[in-house]
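> kindly return the folded structure for what I paste below:
(chains A and B)
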Amino acid sequence: MNDASVAQRRSAADLLPSGDGGAKRRMRAISPSRLAIHATLLFAAALYLVPLVVMLLTSIKTPEDIRTGNLLSWPETFTLIGWVKAWSVVDGYFWNSVKIAIPAVLISTAVGALNGYVLSMWRFRGSQLFFGLLLFGCFLPFQTVLLPASFTLGKLGLANTTAGLVLVHVVYGIAFTTLFFRNYYVTVPDALVRAARLDGAGFFTIFGRILLPMSVPIIMVCLIWQFTQIWNDFLFGVVFASGDAQPITVALNNLVNTSTGAKEYNVDMAAAMIAGLPTLLVYIVAGKYFLRGLTAGAVKG
Amino acid sequence: MSIATVMTKTSPLDVLQRWLPKLVLAPSMLVVLVGFYGYILWTLVLSFTNSSFMPSYKWVGLQQYMRLMDNDRWWVASQNLLVFGGLFIGISLVIGVFLAVLLDQRIRREGFIRTIYLYPMALSMIVTGTAWKWLLNPGLGLDKMLRDWGWEGFRLDWLVDQDRVIYCLVIAAVWQASGFVMALFLAGLRSVDQSIIRAAQVDGAGLPTIYLRIVLPSLRPVFFSAVMILAHIAIKSFDLVAAMTAGGPGYSSDLPAMFMYSFTFSRGQMGIGSASAMLMLAAILTLLVPYLYSELRGKRHE
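Numbering: from 1, shown residues only, chains lettered A, B, ... in the order given. A predicted model of the protein is given here:
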C-alpha cells in the first residue's frame, strides 16, 4: 500500500511537473507555465498595492504637484504639510477611537471568554438555545437595532459619550467573541475538566488554571478581530456620537466629504492613512491571527 | 454517608458553585434578549407607527411599508443592492478563487504575496472609500494618469455618472474583499485530499480540469460560506457609500443601509426608516435560514 502510493506519487510527478509532487523542484522552476503563474501573482499583488501607494504619494505632495502630476508620479517636492494638517484635524478623534477601542476590546473579549467557557464546559438546559440566539447576532443587520439603542443611550445619559460607544461595541461584539471562545473550547477534551472537577476544583479555578493558559491563540484572534471591527466602525460612531465625541472614521468622512474651500487631497490622503495605520500595523504584526479570526467564523461556523 | 452528601449539597458554597455558570452567562443572556431581540421587536413596532422626528406609538398598520413601496429612492436603493451585491459577490469569488488556485501551486514567498492580497481587509470601508474616491476622481485620478501614460482617449468619470456610479462601489468593495475570498479558498484547498488529485493526474487529467471538475466542486461548503459573508457585507454596506458617493449623484448610488440611515436620522422619518430596516432583516433572513439549517444539519451528521 505504502509502496504503491509512493510509486503513484512518482509517476504523477513525472507526468505533470507542475502538479503537487514532492520532488522535481528544478524542473518546475524553469517551466514557462510556472513563470506565467508567478508573473500573474506578482502583477495582481502590484494592483492590490496601487491604492496604498497612491495614498502615500499623494499625502507627501504639494497641492500644485497633485494638480500637475498624476496619481503615481513622483513628488516634485517632498512635503509633510499634508500629514501635519491632517493630524491637526483628526488628532482628538484619533484618541477618541483609542479610548473607545481599548476598553471595548478588552471587556468584550473577557465576556466572550467566560461565555464560551460556560457554553462549552458547563452546558445547562437552554444554553444551546442561547448559543443559537447569539449566533444569529453575528449576522444581525445593525440597522434593526439603531433606533432603540439610541433611545436607550439617551435614557442612560450616554448619548454622545465615549462610554456609550464602548457599551454599544461590547453589547454587539459579544456574539463574535463568544463564538470564537466557544468553538475553541469545544475542542478541549472534557476529561480534562471532569478530572479537575472531581479533584474539587471550582468554576473559576478550572477556567484560570486549565483553560486560560491554553487560550493564548484564541485570545489573540479575538483581540485583533475586535480591535479591527471597533476601530473601523463607522455606523455606530456616526449614529451615537456627534461633535467632539466622534471616532476617527467619522471625522475622516467629515473631512473628506465637506465641500467648503479648495479640496486638499494631500490632507485627505494623510488623514485616511492615519485612520488606517493602526489596523494595518496590527495586521502586519499579527496577520496570522487576523486571518484566523476572519476564517474562524466562516469555515468552522 | 448519606448525611454527609446532604450536608455538602446544602452548603451555600456548593449551591453557588452550581449556579455560577448560569450567573456568569446571565448578563449576556439579558443583553442578547433585550439588545438584540427586544430591540428588533421595538423597531418592528416603530415600523407600524407614524413616528417621524420623535418616536410615536400611534398605530398606522402597514402604511409605512406602503410609503416605502411607493418611494422611488427605495427602489433605486434595492435595485442598486442587487446590481452591487451580484457583481461584488461574483467578481470577488472569481478573483479570489483564481488567486487561491494559483497560490496553491507551491509558490515561493507565498506568505508575502498572500499578505498583500489580504491587507485591504484590515482597513475601514471609510478609508477604502476615501482612497478609491481619489483614484476614481474624474480629471485627477486614474482618468488623468492613464492619459498621461499615453492612452489619449481614456475617460473615467463613472463617479459622477448616474448610471455607472454603482460600479465604482463595486470596484472598491472587490478590492477590499477579494483577498479575503482568496484566503478562505486557499485554506479550503489545503484541506483537499492530495491523493485524489494525484489519482486524477495518473488518469491523465490536466490541472485546469482537475481543479474545475474535482477540487473546486469539493469546496462547496467554502463557496457557500464565502457567498454568505459577501452577501452580508453587501447588505450592510453603508460606510463605503457614505465615504465614496454619499448616495450621489442625486440618489443614484443609494443602498438600503444608506437609505435607512438618511431617512431615520437625517430626514426625521423614523417610521419609513424602521420599515426599511425590517426589510433588510428579511433579506438577511432569507439568506441565513437555509444556510444555518444546512450547517446545523451537516454538524449533526458528523
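
> going forward, measure contacts and count neighbours with C-alpha atoms only.
Will do.

> what number of residues lie near A:Leu129?
10 (other CA atoms under 10 Å in any protein chain shown).

> now B:Leu41
Neighbours around B:Leu41, by other CA under 10 Å: 16.

> wasn't it part of a strand?
No - if the criterion is DSSP: H, G, I helix; E, B strand; the rest coil, then B:Leu41 is helix and not within a strand.

> mind checking how far the residue in chain B that chain A sits nearest to is from A:Met273?
At 4.4 Å from chain A, B:Ser124 is the closest residue in chain B, using CA to the nearest CA. Between B:Ser124 and A:Met273 the distance is 11 Å, computed by CA to CA, to the nearest Å.

> between those two, which is the more surrounded one?
B:Ser124 (26 against 23).

> tell me the mean pLDDT for stretch A:57-74?
The predicted model gives stretch A:57-74 an average pLDDT of 89.

> the residue of chain B closest to chain A and A:Asp233, how far apart?
Per CA to CA, B:Ser124 is found 7 Å from A:Asp233.

> who's in contact with B:Pro208?
Not one residue lies near B:Pro208 by CA atoms under 8 Å, 6 or more residues apart in numbering or on different chains.

> cutoff 10 Å now
B:Val101, B:Ile214, B:Val215 (CA atoms under 10 Å, 6 or more residues apart in numbering or on different chains).

> give me the neighbour count for B:Gln105.
Counted with other CA under 10 Å, B:Gln105 comes out at 15.

> assumed it was part of a strand.
No - according to three-state DSSP, the state of B:Gln105 is coil, so it is not within a strand.

> as CSV, could you dump the C-alpha coordinates of stretch A:276-290?
Output in CSV follows, covering the C-alpha atoms of stretch A:276-290 (Å, rounded to 0.1, in the frame of the first residue of the first chain):
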residue,chain,number,x,y,z
GLY,A,276,-5.9,53.2,8.5
LEU,A,277,-2.4,52.8,10.1
PRO,A,278,-3.4,51.2,13.5
THR,A,279,-5.3,48.3,12.0
LEU,A,280,-2.7,48.0,9.2
LEU,A,281,0.1,47.7,11.7
VAL,A,282,-1.8,45.1,13.7
TYR,A,283,-2.4,43.2,10.5
ILE,A,284,1.3,43.3,9.6
VAL,A,285,2.5,42.3,13.0
ALA,A,286,-0.1,39.6,13.7
GLY,A,287,-1.5,38.7,10.3
LYS,A,288,-1.7,35.1,11.2
TYR,A,289,-4.2,35.7,14.0
PHE,A,290,-6.1,38.2,11.8
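
> and that stretch, which residues are buried?
A:Gly276, A:Pro278, A:Thr279, A:Leu280, A:Val282, A:Tyr283, A:Gly287, A:Tyr289, A:Phe290 (16 or more other CA atoms under 10 Å in any protein chain shown).

> return only those of those residues found close to chain B.
Near chain B, judged by CA under 10 Å from any CA of the partner chain, the entries from the buried residues of stretch A:276-290 are A:Gly276, A:Pro278, A:Thr279, A:Leu280, A:Val282, A:Tyr283, A:Gly287, A:Phe290.

> quick one on the thing from earlier: the residue of chain B closest to chain A against A:Ala275, yeah?
Yes - in this structure, B:Ser124 is within contact of A:Ala275 by CA atoms under 10 Å, at 8.1 Å.

> show me the helices in the stretch 101-250 of chain A, by range?
A:127-137, A:146-155, A:162-171, A:174-185, A:190-198, A:203-206, A:216-232, A:235-240, A:248-257 (DSSP state H, counting those that start in this stretch).

> now do the buried residues in the last one.
Within helix A:248-257, the residues that qualify as buried are A:Ile248, A:Thr249, A:Val250, A:Ala251, A:Leu252, A:Asn253, A:Leu255, A:Val256, A:Asn257, counting by 16+ other CA under 10 Å.

> phi, psi for B:Trp59 please.
phi -70, psi 130 (degrees, to the nearest 10).

> give me the nearest residue to it, chain neighbours excluded.
B:Thr49 (4.5 Å; CA to CA, 6 or more residues apart in numbering or on different chains).

> looking at the one you found now. What's its pLDDT?
92.

> and what of B:Ser2?
45.

> try B:Arg300
55.

> and the buried residues of helix A:248-257 near chain B, which?
Near chain B, by the rule CA under 10 Å from any CA, you find A:Ile248, A:Thr249, A:Val250, A:Leu252, A:Asn253, A:Val256, A:Asn257 out of the buried residues of helix A:248-257.

> closest to B:Leu44 out of those residues?
Closest approach between those and B:Leu44, by CA to CA: A:Val250, at 27.8 Å.

> which ones are touching that closest one?
A:Val250 touches A:90, A:93, A:232-239, A:241-243, A:256, B:126, B:239, B:242-243, counting by CA under 10 Å, 6+ apart.

> again, only this time at 6 Å
Shown in contact with A:Val250 (CA atoms under 6 Å, 6 or more residues apart in numbering or on different chains): A:Val238.

> just the C-alphas of stretch B:276-293, formatted as CSV.
C-alpha atoms of stretch B:276-293 as CSV (Å, rounded to 0.1, in the frame of the first residue of the first chain):
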residue,chain,number,x,y,z
SER,B,276,-36.7,49.7,5.6
ALA,B,277,-34.6,48.2,8.4
MET,B,278,-37.1,45.4,8.8
LEU,B,279,-36.9,44.6,5.1
MET,B,280,-33.1,44.5,5.3
LEU,B,281,-33.5,42.0,8.1
ALA,B,282,-35.9,40.0,6.0
ALA,B,283,-33.3,39.9,3.2
ILE,B,284,-30.7,38.6,5.6
LEU,B,285,-33.0,36.0,7.0
THR,B,286,-33.9,34.6,3.6
LEU,B,287,-30.1,34.1,3.1
LEU,B,288,-29.4,33.0,6.6
VAL,B,289,-32.1,30.5,7.4
PRO,B,290,-31.2,28.0,4.7
TYR,B,291,-27.5,28.5,5.4
LEU,B,292,-27.8,27.9,9.1
TYR,B,293,-30.1,25.0,8.5
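
> what's near enough to touch the residue most central in space within chain B?
Centroid-nearest residue in chain B: B:Ile233, 1.5 Å away (criterion: CA atoms, centre = their mean). Contacts for B:Ile233 were tallied using CA under 6 Å, 6+ apart; there are none.

> quick one: pLDDT of the residue of the stretch 151-300 of chain A found nearest chain B?
Among the residues of the stretch 151-300 of chain A, A:Asn232 lies closest to chain B, at 4.4 Å counting by CA to the nearest CA. pLDDT for A:Asn232: 95.

> pretty sure it sits against B:Ala122.
No - if you go by CA atoms under 6 Å, A:Asn232 and B:Ala122 don't touch, sitting 8.5 Å apart.

> low-confidence stretches in the chain?
Looking at chain A here, since you left the chain open. Counting by pLDDT under 70, chain A contains low-confidence ranges at A:1-30, A:259, A:296-301.

> was after chain B, sorry
In chain B (pLDDT under 70), the answer is B:1-10, B:298-302.

> list the contacts of the residue of the stretch 151-300 of chain A closest to chain B.
Per CA under 6 Å, 6+ apart, neighbours of A:Asn232: B:Ser124.

> many thanks, I have nothing further to ask.
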